[in-house]
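1. quick one: sequence plus predicted model below, questions after.
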Amino acid sequence: MPERAGWRAWLGVIAVGLATFCVVTTEMLPVGLFVPITAALDVSVGMGGFMLFVPAILAALFAPLVVIGAKGADRRVILCGLLALLVCANAASAWAPSMAWFLAARVLVGFCIGGIWAIAGGLAGRLAGGCLLYTSPSP
């Protein structure tokens, strides 16, 4: 008979699911709003492409660094910290008065994206336990 997980196990899985939802939304929303964002910031479409390029490259660079830096630390705390930083970075992006401020906020977004993908990948199954390993979200 399979073991049953308690509600605390599901809270961890829900937190990982929320974090991955926020990351995907943060990555894809600027794609859908690309033209209005470039118009609001008064930059060309070519220059606006940096708002997609910068976080993507930085996420790839920061992901291994976050994993190395997280060695021995509680990954749940790191995930919650990265999620809080992602919220702040998104708020800074929304209120950015210029392209320079917007790109600075997107640097933080890139760090959070890389960190969350690196941490969340294996965390959901471990949080949920053996019985939920295949039903927990896997990014």
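-> On my side now, so go ahead.
2. list the buried residues of the helix or strand encompassing Thr20.
-> Thr20 is located in helix 7-32, with elements delineated by DSSP states H and E. Buried residues in helix 7-32, counting neighbours by 16 or more other C-beta atoms under 10 Å, are found at 9, 12-13, 15-17, 19-20, 22-23, 26-27, 30. (Glycine included, C-beta is placed from N, CA and C.)
3. tell me how many other residues surround Leu79.
-> 23 (other C-beta atoms under 10 Å).
4. look at it and report its pLDDT.
-> Note for Leu79: predicted pLDDT of 89.
5. how about the one 3 residues further on?
-> Residue-level confidence at Leu82 comes out at 94, pLDDT.
6. can I get stretch 92-107 as PDB, trimmed to CA atoms?
-> Extracted in PDB, the C-alpha atoms of stretch 92-107 (Å, rounded to 0.1, in the frame of the first residue of the first chain):
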ATOM      1  CA  ALA A  92      11.000  47.400 -10.300                       C
ATOM      2  CA  SER A  93      10.400  46.400 -13.900                       C
ATOM      3  CA  ALA A  94       6.900  47.600 -13.800                       C
ATOM      4  CA  TRP A  95       7.800  51.000 -12.400                       C
ATOM      5  CA  ALA A  96      11.000  51.500 -14.400                       C
ATOM      6  CA  PRO A  97      11.200  55.100 -15.700                       C
ATOM      7  CA  SER A  98      13.800  54.300 -18.400                       C
ATOM      8  CA  MET A  99      15.300  51.500 -20.300                       C
ATOM      9  CA  ALA A 100      18.400  51.500 -18.100                       C
ATOM     10  CA  TRP A 101      16.300  51.000 -14.900                       C
ATOM     11  CA  PHE A 102      14.300  48.400 -16.700                       C
ATOM     12  CA  LEU A 103      17.400  46.400 -17.700                       C
ATOM     13  CA  ALA A 104      18.800  46.700 -14.200                       C
ATOM     14  CA  ALA A 105      15.600  45.200 -12.900                       C
ATOM     15  CA  ARG A 106      15.800  42.500 -15.600                       C
ATOM     16  CA  VAL A 107      19.400  41.600 -14.300                       C
END
